[in-house]
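Colleague: Show me how the following folds:
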Amino acid sequence: MYVLKGCRSLTHIREQDSDTHLKVVFTVGLAQATLMQCVYYIHGAYMNPAITLTMIVTGEMELARVVCYLLVLCCGAIAGAGILRRQQSTMDRLVSHK
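Modeller: This is a model prediction of the structure:
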């Protein structure tokens, strides 16, 4: 979901406005804050593979759990990118038929 929302905030940009970057940063930050609130009680909101790797280095998590988290994080990112690609290709077809 994070990859989907973060990258989706960039796909509509065709022209550079003075506040384009602010809108993108706000969208990505809001998506991250919302998703962290949703998953915090499940697994501590480790949504970044670098943070998850840090937890194994510092001894806060065991190796089996880290491997599962990394696998799920990567699969979720790939799924989000796939959904975004599908949405974008559908929108491109709709625009080209007008």
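
Colleague: When you work out contacts or count neighbours from here on, use the C-alpha atoms and nothing else.
Modeller: Will do.

Colleague: how far is the strand or helix carrying Y40 from where the chain is centred?
Modeller: Applying DSSP states H and E as the criterion places Y40 in helix 20-43. Here helix 20-43 is found 9 Å from its chain centre; the criterion is CA atoms, centre = their mean, to the nearest Å.

Colleague: Now do the helices in this structure.
Modeller: 2-11, 20-43, 49-57, 63-96 (DSSP state H).

Colleague: any chance of those in JSON lines, with mean neighbour count and mean pLDDT too?
Modeller: Shown next, in JSON lines, are those (neighbours: other CA atoms under 10 Å; pLDDT from 0 to 100):
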{"stretch": "helix 2-11", "mean neighbour count": "18", "mean pLDDT": "66"}
{"stretch": "helix 20-43", "mean neighbour count": "14", "mean pLDDT": "79"}
{"stretch": "helix 49-57", "mean neighbour count": "15", "mean pLDDT": "84"}
{"stretch": "helix 63-96", "mean neighbour count": "14", "mean pLDDT": "81"}
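
Colleague: picking that back up, who are the packing partners of the helix holding Y40?
Modeller: Counting contacts by 3 or more CA pairs under 8 Å, 6 or more residues apart in numbering; DSSP states H and E, helix 20-43 packs against helix 2-11.

Colleague: was I right about T52 contacting G44?
Modeller: No. Between T52 and G44 there is no contact under CA atoms under 8 Å: 10.3 Å.

Colleague: Could you list the residues in contact with stretch 46-61?
Modeller: Contacts of stretch 46-61 from elsewhere in the structure, counted by CA atoms under 8 Å, 6 or more residues apart in numbering, are 36, 40, 62-63, 66, 69-70, 73.

Colleague: ok, now with 7 Å
Modeller: For stretch 46-61, contacts defined as CA atoms under 7 Å, 6 or more residues apart in numbering pick out 62-63, 66, 70, 73.

Colleague: distance of L35 from I51?
Modeller: 16 Å (CA to CA, to the nearest Å).

Colleague: er, C38 I mean
Modeller: 18 Å.

Colleague: How about H21?
Modeller: To I51, H21 is 25 Å away according to CA to CA.
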